[in-house]
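Chemist: Just need the structure, nothing else, for what follows:
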Amino acid sequence: QVQLVESGGGRVQAGGSLRLSCAASAASGTIFAAMGWYRQAPGKQRELVAAITSGGSGSIDYADSVKGRFTISRDNAKNTVYLQMNSLKPEDTGVYYCNADVIMWPRQYNYWGQGTQVTVSS
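Modeler: The predicted structure is shown next:
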């Protein structure tokens, strides 16, 4: 079984910063192929914020709305992914979910964290 535990959410004023962390735990031999962050604002669908793969320096993908403001990184040794969020805007408000694609050979699975609330006030 895989567990994803998020932390770092909270309330901040527009222009402020927050750093989210997602610590993953799993049985020995589990490979975390990709990890990322999604968010869901009230009344809206869940959307990708940023994702990073495990190979080499990690292939990274960002939503256009966060490019230049958010930075995703990961510590493969700790199976932890971070999301540094700067210049936050009210429209960044939502529940942020950690997501992981894992390989427990020979199968691949996808897991979600419980979510952490981010509220940006104007």
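Chemist: which residue sits farthest out from the middle of the chain?
Modeler: P106 (25.1 Å; C-alpha atoms, centre = their mean).
Chemist: dump the residue contacts of that one.
Modeler: By C-beta atoms under 8 Å, 6 or more residues apart in numbering, no residues touch P106. C-betas here are computed from N, CA, C, even on glycine.
Chemist: Give me the nearest residue to the residue positioned nearest the centre of the chain, chain neighbours excluded.
Modeler: The residue lying closest to the centre of the chain (C-alpha atoms, centre = their mean) is W37, at 2.5 Å. Distances taken as C-beta to C-beta, 6 or more residues apart in numbering place V49 nearest to W37, at 4.4 Å, with adjacent residues excluded.
Chemist: Count the residues that sit near the one you found.
Modeler: A count of neighbours around V49, defined by other C-beta atoms under 10 Å, yields 24.
Chemist: Buried residues of the helix or strand it falls within, list them for me.
Modeler: V49 is located in strand 47-53, with elements delineated by DSSP states H and E. Buried positions in strand 47-53, judged by neighbour count with 16 or more other C-beta atoms under 10 Å: 49-53.
Chemist: residues contacting the residue nearest to A26 when sequence neighbours are not counted?
Modeler: Spatial nearest neighbour of A26, excluding adjacent residues (C-beta to C-beta, 6+ apart): V2 at 4.4 Å. Applying C-beta under 8 Å, 6+ apart to V2 gives the contacts 24-26, 30, 100, 102, 109, 111.
Chemist: ranges for the strands of the protein?
Modeler: For the chain, the strands defined by DSSP state E occupy 3-7, 10-13, 18-25, 31-40, 47-53, 60-62, 70-75, 80-85, 94-104, 107-112, 116-121.
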